[in-house]
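Asker: okay, structure incoming, though there's no sequence with it:
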Ligand code: WTA
């Protein structure tokens, strides 16, 4: 058993779950996917993927080779084909006569709306591509996008793709420092941002963070900042560098010839937290990524482009927004809802109001959101007509059976199939999920590798575990949308994913096979936390804490949390001169606030520790490794587990007596 599995009692419950929900005959009859898909993929995996690539993607030059794995672990898929991602997402639908179809129903948080057809999107993306080209962006360049959830955000990503420039979207909740390090690592030529966006009923600003990021060292590569006007807040302006989006785009021509790139041309870099302090720039390329994005979106969500209204509630700053807001749905010609704001503004029924208003039929969200809605009470969704929903999806973390059942009953009217989709920034697209209409779903399990994907659960010696056994999730065959590396760091790519088990991709997740051989994901087995479906690195937050003068040493753990899955809890040892200050309530409250604000500044508000505990010592093994398992016991108010491998076994007593002291 891994550390994560043994210390998380809520996950133990998962393993006693035995309910199953077979698809209804009506759903199965009309489903895009059938059992034949598994057979086809099993018969000839590479031919299966080649067929998907030919059917779902339009190639400028057809490919003749499916997979070149000679440079493993860097794969080359469909490498001699050429294509353009934006052409595939937009233009070809217009050429096929679907220009009038709505691509995006945009809903701003204040209630403003905008309807964008595929023909509109073609004009906007072409103009934006021309505007970026006028600012010097060329094929092979990198462009950082730091935006709220706006139509322009989607347009900006597609405009980069149209030019053959890689976009690197940085989530708008990240701080100026975090933004600067990503800009520097990618050596971005242009940053696209907005004055701000609406969040929780008020304008929140973005441009000041860009200004701050660009004044620091490391961001010298940036020549221009393109600024979308959304909130009309006052912004500082750097003449010669800053350009208004509306001025540049409105002046640009509506025709733009897409850059036809090779299948392995970089499409985007997306930074994600790893086990060390430095975020990893996950690199995705064009042909394979688009193929699997379209294939999974079509089959896992059962998309019928003429009749469905799809909605994925993710932010484009995360991979889910890339694959299941931008590329997957648009490649398949879907009509989707794009919502700017939070689920509880101006009221807790906002999401369900939108489902009713747009007659959303396919809905994809995260367990943390479902648990928040459960807490708010089922009378809230009950006040809206949700009968249009015919399929529900979940992503980002293990979904507990209770939340799954609630989702099915309250949101899905007891009939909509739920697809619990396991994947990662690195995998680019869904890897493990039930197929709606085929799989009898089980609450809490992602169940089966998709046709064409090979996943397994192995023990410490890389041996597949028998049914009923637990271990580590691995992927045993290359897949089209797999990452092609970590930007600028091939060695780290090999070390992180390919060195744990020879020839197998190590996902970093613990997993179990049940008696039917179905896979249950059990959470991370490394120093990565999952807070509200967002990946955060313990090391990164620890580095942020010790970079503050108050702190001598820090240890961070993810403690189980009812709503967010995990919550960040930090244990800090203060520097000698500050230790005294922490002995009063007032003093420790002040220290806690200073440190929480400091983490927000270094990384972003999402990384702020829920709790910071000042301790005299940290529990360490003889080799100096912090035993986070014991700290997690403290953070979760549990009896502390086996502490015999500690170098100094009295440390835990010291920590607990200190925390228990009457204040
Ligand atoms: C976790 C998000 C259980 C997992 C698409 C993975 C899940 C990490 C699931 C990737 C799921 C994602 N069941 N765990 N259905 N989906 N995870 O890169 O730990 O933000 O390794 O990609 O989220 O997070 P990332």
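Answerer: Happy to help now that I have it. A quick note: this is a predicted structure, and the numbers were derived from the prediction, not measured. Residues are numbered from 1 along each chain as shown.
Asker: was I right to think residue 268 contacts residue 167?
Answerer: Yes. Using CB atoms under 8 Å, residue 268 is in contact with residue 167, at 5.0 Å. C-betas here are computed from N, CA, C, even on glycine.
Asker: next, show the common contact partners of these two.
Answerer: 157, 160-161 (CB atoms under 8 Å, 6 or more residues apart in numbering).
Asker: mean confidence for stretch 25-41?
Answerer: Stretch 25-41 carries an average pLDDT of 98.
Asker: buried set for it?
Answerer: With burial defined by 16 or more other CB atoms under 10 Å, the residues of stretch 25-41 counted as buried are 27-28, 31, 33, 37-38, 40-41.
Asker: likewise stretch 214-221?
Answerer: Those would be 214, 219, for stretch 214-221 by 16+ other CB under 10 Å.
Asker: give me the contact list for that stretch.
Answerer: 176-177, 180-181, 183-184, 187-189, 191, 213, 222, 225, 241.
Asker: just the ones of those in strands?
Answerer: 191, 225 (DSSP state E).
Asker: any quick PyMOL command for the buried ones out of the contacts of stretch 214-221?
Answerer: This is the PyMOL syntax for the buried subset of the contacts of stretch 214-221, where burial follows 16+ other CB under 10 Å:
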select buried, resi 176+177+180+181+183+184+187+188+189+191+213+222+225
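Asker: let me know the closest of the contacts of stretch 214-221 to residue 458.
Answerer: Each of the contacts of stretch 214-221 was scored against residue 458 by CB to CB, and residue 181 proved nearest at 34.4 Å.
Asker: around the ligand, which positions in the protein sit nearby?
Answerer: Residues of the chain found near the ligand (CB under 6 Å from any ligand atom) are 272, 318-320, 395-398, 420-425, 446, 507-509, 521, 524, 530, 535.
Asker: go with 8 Å
Answerer: 272, 318-320, 367, 394-399, 420-427, 432-433, 446, 507-509, 521, 523-524, 528, 530, 533-535 (CB under 8 Å from any ligand atom).
Asker: quick one: the closest residue to residue 76 other than its chain neighbours and residue 178, what's the gap?
Answerer: Leaving aside its sequence neighbours, residue 76 sits nearest to residue 68 (CB to CB, 6 or more residues apart in numbering; 4.0 Å). Using CB to CB, to the nearest Å, residue 68 is found at 36 Å from residue 178.
Asker: more neighbours, the two?
Answerer: Taking residue 68 and residue 178 together and counting by other CB atoms under 10 Å, residue 178 has the greater number of neighbours (23 against 16).
Asker: the more buried one and residue 170 touch, don't they?
Answerer: Yes. Residue 178 lies in contact with residue 170 (CB under 8 Å); the separation is 7.3 Å.
Asker: what do those two both touch?
Answerer: What both residue 178 and residue 170 touch, as defined by CB under 8 Å, 6+ apart, is an empty set.
Asker: so who does the residue in the stretch 451-600 of the chain positioned nearest to the ligand touch?
Answerer: Ranked by CB to the nearest ligand atom, the top residue of the stretch 451-600 of the chain for proximity to the ligand is residue 521, at 3.5 Å. Residue 521 makes contacts with 398, 422, 432, 445-446, 473, 509-511, as judged by CB under 8 Å, 6+ apart.
Asker: and what of residue 153?
Answerer: Residue 153 sits in contact with 145, 147, 169, 316, where contact means CB under 8 Å, 6+ apart.
Asker: what's the next secondary structure element after the helix or strand containing it?
Answerer: Using DSSP states H and E, residue 153 maps to helix 151-163. Counting by DSSP H and E, the next helix or strand C-terminal to helix 151-163 is strand 166-169.
Asker: report all helices and strands that that next one contacts.
Answerer: strand 142-146, helix 151-163, helix 176-186, strand 266-272 (3 or more CB pairs under 8 Å, 6 or more residues apart in numbering; DSSP states H and E).
Asker: pull the distance from that strand to the chain's centre.
Answerer: From the chain centre to the centre of strand 166-169 is a distance of 14 Å (CA atoms, centre = their mean, to the nearest Å).
Asker: now the strands for the stretch 401-550 of the chain?
Answerer: 418-421, 455-458, 470-475, 505-513, 519-524, 528-531, 534-537 (DSSP state E, counting those that start in this stretch).
Asker: in CSV: the ones you listed, plus mean pLDDT.
Answerer: Formatted as CSV, the strands of the stretch 401-550 of the chain follow (pLDDT from 0 to 100):
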stretch, mean pLDDT
strand 418-421, 98
strand 455-458, 98
strand 470-475, 96
strand 505-513, 95
strand 519-524, 91
strand 528-531, 88
strand 534-537, 87
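Asker: compare these and give me the one nearest residue 109.
Answerer: strand 534-537 (19.9 Å).
Asker: can you list the buried residues in the closest one?
Answerer: 534-537.
Asker: can you tell me the residue of the stretch 151-300 of the chain closest to the ligand?
Answerer: residue 272 (5.3 Å).
Asker: contact partners for that residue?
Answerer: Residue 272 neighbours (CB under 8 Å, 6+ apart): 279-280, 282, 319, 425-426, 535.
Asker: any idea how far it lies from residue 426?
Answerer: From residue 272 to residue 426 the distance is 8 Å (CB to CB).
Asker: so for the two, which residues contact both of them?
Answerer: residue 282.
Asker: which residue packs closest to residue 451, ignoring adjacent ones?
Answerer: Per CB to CB, 6+ apart, closest to residue 451 is residue 41, 3.7 Å.
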